[in-house]
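> With the sequence up front, the predicted model follows.
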Protein chains: 2
Amino acid sequence: MSFKIQISDSKSIFERPTKNLADLENIVNEVFEDVKKNGDKALHKYTDKFDKVKISDFRVSIDEIEEAEKLVSEKLKSSIQLAKSNIEKFHNSQKIKKTIIETTKGVKCWQESRGIEKVGIYIPGGTAPLLSTVLMLAVPAKIADCKEIILCTPPNKNGKINPAILYTANLVGITQIFKVGGIQAIAALTFGTESISNVYKIFGPGNQYVTIAKQIAQNKGVAIDMPAGPSEVLVVADETSNPKFVASDLLSQAEHGTDSQVVCIVNNENIYAEIELEIIQQLEQLPRKDIAFETLKNSSFVCIKDKKETIKIVNEYAPEHLILATKDNDFYIENIVNAGSVFIGNYTPESAGDYASGTNHTLPTDGFAKAYSGVNLNSFIKKITFQKISKKGLQNIGYAIEIMAEAEQLMAHKNAVTVRLNSLKQ
Amino acid sequence: MSFKIQISDSKSIFERPTKNLADLENIVNEVFEDVKKNGDKALHKYTDKFDKVKISDFRVSIDEIEEAEKLVSEKLKSSIQLAKSNIEKFHNSQKIKKTIIETTKGVKCWQESRGIEKVGIYIPGGTAPLLSTVLMLAVPAKIADCKEIILCTPPNKNGKINPAILYTANLVGITQIFKVGGIQAIAALTFGTESISNVYKIFGPGNQYVTIAKQIAQNKGVAIDMPAGPSEVLVVADETSNPKFVASDLLSQAEHGTDSQVVCIVNNENIYAEIELEIIQQLEQLPRKDIAFETLKNSSFVCIKDKKETIKIVNEYAPEHLILATKDNDFYIENIVNAGSVFIGNYTPESAGDYASGTNHTLPTDGFAKAYSGVNLNSFIKKITFQKISKKGLQNIGYAIEIMAEAEQLMAHKNAVTVRLNSLKQ
């Protein structure tokens, strides 16, 4: 396995892997229709077909959770607890205090937050149990006081769910865990079935089928966290960064999957030789080295000398993860506009935010950071506006309302003010 | 025109007018493809076809804005200015101060807000100029510091835009105003054309074609404010409310369009006789009485004696606008979970929030208040998370990251921590 960094033109950064997902829509629509019509019966059918297992009861039992507790090591338990505590602290800090604003004397306006009552969390299956994603979605849902939190995740071929997933969900206080995955899980959360209640908003990552299923759920009126695409990191490095650390960060993104994107911008070409050497050495040690190797071949290594040019390109790319390991970090922090999450300095690897620093790891990919925030407490909350106007207040703004309503030719809108103002004249 | 209130079963509330919009998708897709391929040429074609006018330059000129300034009355100008000032005060108050949270010693996390760089505002045409919607969308976009704000609105048959729209847009500081409406405007904002830049998020109301066009824009990766449906109000009244005021509020919703929904819940049937009498009297005076009359025929008037039962139904209905005119307002405020905007007391008509109190009038309809907030400052902002971890900080949480990454079988994620922790041991 030989690896050679090709320094590319900065335009190469923007060649994101694109996929035409339209072909998948037919199968997704078919499953949606079936689940809508046949409920649990359809869930059984597709679990049988896609997960190759027959499930008698989709809901995970208390016995199964107790069994899982025994199977998770103490060191993993305490690690999960530390991560949970940090994620709680950071997301708790995002609560907003109600503030009453008197916009005009006698006109009081304010916002109040309410948790979305019913939310669904999707955790993909596969070889690795995404216990960190359980924390990232369930912890803020709990803080937001979402009343009903439903977690769906596919069973393995023995009809089981990874014990670390069950332990984590239970630790956070999720009581409704269902062994249903893929398109059929998103359809169940959209329409509801005999076993699974429908929800108002669906969160969580997934493969391309799940991505399309969430888009269709959204078209049917269910909110979703954000559109999804392959994961990505952009590292900005210079002579003050540590090549070993930079290489490890690039590799940790590269191991996700061959559609992941890894971008590295340096201000001096010589830096690459050192990073390259480190990548070669570290790559050899990795169990997923084949995936990482493929990803790196499609990655962009760019040299840009001017920091203003660099930040322009970073903002245009809008990375999901941005690692700043330069002497000019403050400049980049001040001027970054489009990014999901930013990691500052040599001792802040992306892994920290992926697991345990407290920030959320559900972030906008594929340039969506231009319009979307990553998941945060707000994602689980609705803000209702309130207003209370006194007699005096209405006398202060009533005339303006009447005039504007008249200009919009909405005379009943005007009249709602006029009848009140008239009553105050008497 | 005879009107008789039929007191209905509370279930009738949930019979929202539904429309199958799937039939419209073909025409919307066709226009999108054409605009994507042919840019301005397609905009000319559809403006010709749908708006029945030939436009030489889509962009509104400075001359046109200056001309508009002269055509707007002074009383309308000062009313718009008052409304602008209140909307600014309330949306300014929604700014969030950066707060650095140390989740573990040496692990600092925070959020920073950034305005979405490019946003599109759609203002529908028709007989009435929706100048209030210009304020509701452009004012928070300015406060959020969105760099490029593009306003599209259809021209009338003379190729003009209502002067009040131009005056308001110019007052708020919108410089890019385009005479393009309907599906073709949303397509232009999605793909960009020679005249109109593409944007990252599209805001604004519209007819069913615009609604579908925004959904398709969203599927193509452009964010939108929220899904749309017909406007609605739910009034909760009792013996302390003023029947004249309640009637005026119901009518102001009813005049919007025959698909609007008007719901009134009282705790005592006798109250309806008075409200009915007032509706009959006020209806006669309205220019849009035919529309209001049709809407009222489809409306729900319900009597529920128990306030706990009432709030349950209100939350299940999730009204866009909720007017509380009862002795139990505090109970309802405390227990409301699903609503767009709440109007409290006898002197707080919905019109106040529609125009000038300061709250936003772009609100979730059709039950979407269960998952969505109305437009607020946050709608124009992305929150980026930042984290900065010291050596000591990484030593405090590094072990947990290593263990969790290992459990997820992501060894390169683990390694990014290990190489750093090892360097600190030396």
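Received, thanks. Just so we're clear, the structure is a prediction, and the values are computed from it rather than from any experiment.
> Remind me which helix or strand the residue nearest to A:Gly106 when sequence neighbours are not counted belongs to.
Counting by CB to CB, 6 or more residues apart in numbering or on different chains, A:Gly106 lies nearest to A:Gly393, which is 2.4 Å off, once chain neighbours are set aside. In short, each C-beta sits where N, CA and C put it, glycine included. Element membership for A:Gly393 (DSSP states H and E) is helix A:391-407.
> what's the distance between that helix and the middle of its chain?
A distance of 43 Å separates the centroid of the chain from that of helix A:391-407, by CA atoms, centre = their mean, to the nearest Å.
> Give me the buried stretch members for that helix, please.
Residues of helix A:391-407 classed as buried under the neighbour-count rule (16 or more other CB atoms under 10 Å in any protein chain shown) are A:391, A:393-405, A:407.
> Mind checking the pLDDT average for stretch A:320-336?
Stretch A:320-336 shows a mean pLDDT of 98.
> For it, measure first residue to last.
Stretch A:320-336 has an end-to-end distance of 12 Å (criterion: CA to CA, to the nearest Å).
> Now do the buried residues in that stretch.
So stretch A:320-336, judged by 16+ other CB under 10 Å, has buried residues A:320-326, A:328-329, A:332-333, A:336.
> So that stretch, near chain B or not?
Yes: using CB under 8 Å from any CB of the partner chain, stretch A:320-336 reaches chain B at A:333, A:336.
> next one: that stretch to chain centre, how far?
Centroid separation for stretch A:320-336 versus its chain: 21 Å, with CA atoms, centre = their mean.
> downstream neighbour of the helix ranked longest in chain A in the secondary structure list?
For chain A, the longest helix by residue count, based on DSSP state H, is helix A:74-92. As assigned by DSSP H and E, the chain's next helix or strand after helix A:74-92 is strand A:101-104.
> Would you mind listing the outside residues contacting that following strand?
Strand A:101-104 is contacted from outside by A:108-110, A:393, A:396-397, B:82, B:85-86, B:89-90, B:93, B:357-358, using CB atoms under 8 Å, 6 or more residues apart in numbering or on different chains.
> Pipe these into a markdown table and attach pLDDT and distance to B:Val246 per row.
Below are the contacts of strand A:101-104 laid out as a markdown table (pLDDT from 0 to 100; distance: CB to CB, whole Å):
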| residue | pLDDT | distance to B:Val246 |
| --- | --- | --- |
| A:Lys108 | 98 | 21 |
| A:Cys109 | 98 | 22 |
| A:Trp110 | 98 | 24 |
| A:Gly393 | 98 | 19 |
| A:Asn396 | 98 | 23 |
| A:Ile397 | 98 | 20 |
| B:Leu82 | 98 | 26 |
| B:Ser85 | 98 | 30 |
| B:Asn86 | 98 | 25 |
| B:Lys89 | 98 | 29 |
| B:Phe90 | 98 | 26 |
| B:Ser93 | 97 | 30 |
| B:Ser357 | 98 | 19 |
| B:Gly358 | 98 | 24 |
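> The buried residues of helix A:391-407: which two are farthest apart?
Greatest spacing in the buried residues of helix A:391-407, by CB to CB: A:Lys391 and A:Ala407 (25.0 Å).
> I'd guessed A:Val375 sits against A:Pro364; true?
No: if you go by CB atoms under 8 Å, A:Val375 and A:Pro364 don't touch, sitting 9.4 Å apart.
> residue ranges of the helices in the stretch 201-350 of chain A, please?
A:208-219, A:243-254, A:270-284, A:289-297, A:307-317, A:329-335, A:350-355 (DSSP state H, counting those that start in this stretch).
> ranking those by burial, who's on top?
Among the helices of the stretch 201-350 of chain A, helix A:350-355 has the highest mean neighbour count (mean count of other CB atoms under 10 Å in any protein chain shown), at a mean of 28.
> outside of it, which residues touch it?
Applying CB under 8 Å, 6+ apart, the external contacts of helix A:350-355 come out as A:83, A:132, A:233, A:249, A:252-253, A:321, A:323, A:341, A:343, A:359, A:361, B:107, B:385, B:387, B:389, B:394, B:397, B:400-401, B:404-405, B:413-414, B:416-417.
> let's see 6 Å
A:83, A:132, A:233, A:249, A:252, A:321, A:341, A:343, A:359, A:361, B:387, B:389, B:401, B:404, B:413, B:416-417 (CB atoms under 6 Å, 6 or more residues apart in numbering or on different chains).
> State the number of residues packed around A:Lys305.
The burial count assigned to A:Lys305 is 10, neighbours taken as other CB atoms under 10 Å in any protein chain shown.
> got the CA positions of the helix or strand in which A:Thr418 is found in CSV?
Per DSSP H and E, A:Thr418 falls inside helix A:411-425. What follows is helix A:411-425, C-alpha atoms only, in CSV (Å, rounded to 0.1, in the frame of the first residue of the first chain):
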residue,chain,number,x,y,z
MET,A,411,-60.4,45.5,6.4
ALA,A,412,-61.4,42.9,8.9
HIS,A,413,-57.8,43.1,10.2
LYS,A,414,-58.3,46.8,10.6
ASN,A,415,-61.7,46.4,12.1
ALA,A,416,-60.3,44.1,14.9
VAL,A,417,-58.4,47.2,16.1
THR,A,418,-61.1,49.8,15.4
VAL,A,419,-63.7,48.0,17.5
ARG,A,420,-61.3,48.0,20.4
LEU,A,421,-60.1,51.6,20.0
ASN,A,422,-63.7,52.7,19.7
SER,A,423,-64.6,50.9,22.9
LEU,A,424,-61.9,52.9,24.7
LYS,A,425,-63.2,56.2,23.4
